[in-house]
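Visitor: sequence unknown, structure follows:
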């Protein structure tokens, strides 16, 4: 079948389209495949939407898609399904638009014409709720790594996350979120808690850290103390007593 379109071909195609010809009628009139005609109409509608009505072109796209689904063999559908599942497993947060951008839009439409994205995610073993939770947590982590002094109110004010969502994700509060972001170590304590345990002031705790007599580190303006360092100091105080 010919691949190029002459001026006469385009005139005939436009005339047939305006008369409401079906895709199969276009195939016979121009001796072209349904797929080739559909692709050409898409290109033409993008180049000159006033002449090639995009709504009319969409009708041919739907007609071609229906034909593809009806005539696709089970082997072909299984191959397309495997391609979609493989992509989703590698990109669990992907949407149908992502599949389209990856060149798998047609495969997705044929393999999951009736069941849609939810079915594709189930086949790929993806827990959508878990994906959403992880995405929201990663937004919090990224913000806290860039702004270690930030508290819950800052996260809410900057629209990183909603207040109720934050409470659900981090029921123990901002310190739990900071630990999740990797800017606090599990088991380390605040300078206030250290001061309480040692029976000294927070200012003196800071002085001991600066003098390397306590092992601590700063996260923004917050001072954190290694618990083993506190226990060692308590032991030395008890031993000297």
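Guide: That came in fine, so what should we check first? Source: prediction; values computed, not measured.

Visitor: Give me the neighbour count for residue 99.
Guide: For residue 99, the neighbour count with other Cβ atoms under 10 Å is 23. To be clear about C-beta, it is placed using only N, CA and C from the backbone, and glycine gets the same treatment.

Visitor: Secondary structure element holding the nearest residue to it once chain neighbours are set aside?
Guide: Nearest residue to residue 99, sequence neighbours excluded (Cβ to Cβ, 6 or more residues apart in numbering): residue 108, at 4.7 Å. Per DSSP states H and E, residue 108 falls inside helix 105-111.

Visitor: Likewise for residue 200?
Guide: Using DSSP H and E, residue 200 sits in no helix or strand.

Visitor: how far away is it from residue 208?
Guide: 8 Å (Cβ to Cβ, to the nearest Å).

Visitor: where does the nearest residue to residue 23 once chain neighbours are set aside land in three-state SS?
Guide: Distances taken as Cβ to Cβ, 6+ apart put residue 63 closest to residue 23, at 4.5 Å, once the chain neighbours are dropped. When classified by DSSP: H, G, I helix; E, B strand; the rest coil, residue 63 comes out as helix.

Visitor: where are the low-confidence patches of the chain?
Guide: For the chain, the stretches flagged by pLDDT under 70 are 1-3, 238-241.

Visitor: can we see that at 80?
Guide: For the chain, the stretches flagged by pLDDT under 80 are 1-3, 65, 67-72, 113-114, 185-186, 219-221, 237-241.

Visitor: that older thread, looking only at neighbour counts, state which of residue 200 and residue 208 leads.
Guide: More crowded of residue 200 and residue 208, by other Cβ under 10 Å: residue 208, with 21 against 14.

Visitor: Which strand or helix spans the more buried one?
Guide: Per DSSP H and E: helix 202-210 holds residue 208.

Visitor: Return the set of buried residues in the helix or strand following that helix.
Guide: Once helix 202-210 ends, the next helix or strand along the chain (criterion: DSSP H and E) is strand 216-219. Within strand 216-219, the residues scored as buried using 16 or more other Cβ atoms under 10 Å are 216, 219.

Visitor: Relative to the helix or strand following strand 216-219, what are the paired strands and their orientations?
Guide: Reading on from strand 216-219 to the C-terminus, the next helix or strand found by DSSP H and E is strand 222-225. Strand pairing for strand 222-225, determined by DSSP bridges: strand 189-190 (antiparallel), strand 216-219 (antiparallel).

Visitor: Buried ones in the next helix or strand after strand 222-225, by neighbour count?
Guide: Per DSSP H and E, strand 222-225 leads on to helix 227-240 as the next helix or strand towards the C-terminus. Within helix 227-240, the residues that count as buried by 16+ other Cβ under 10 Å are 227, 229-230, 233.
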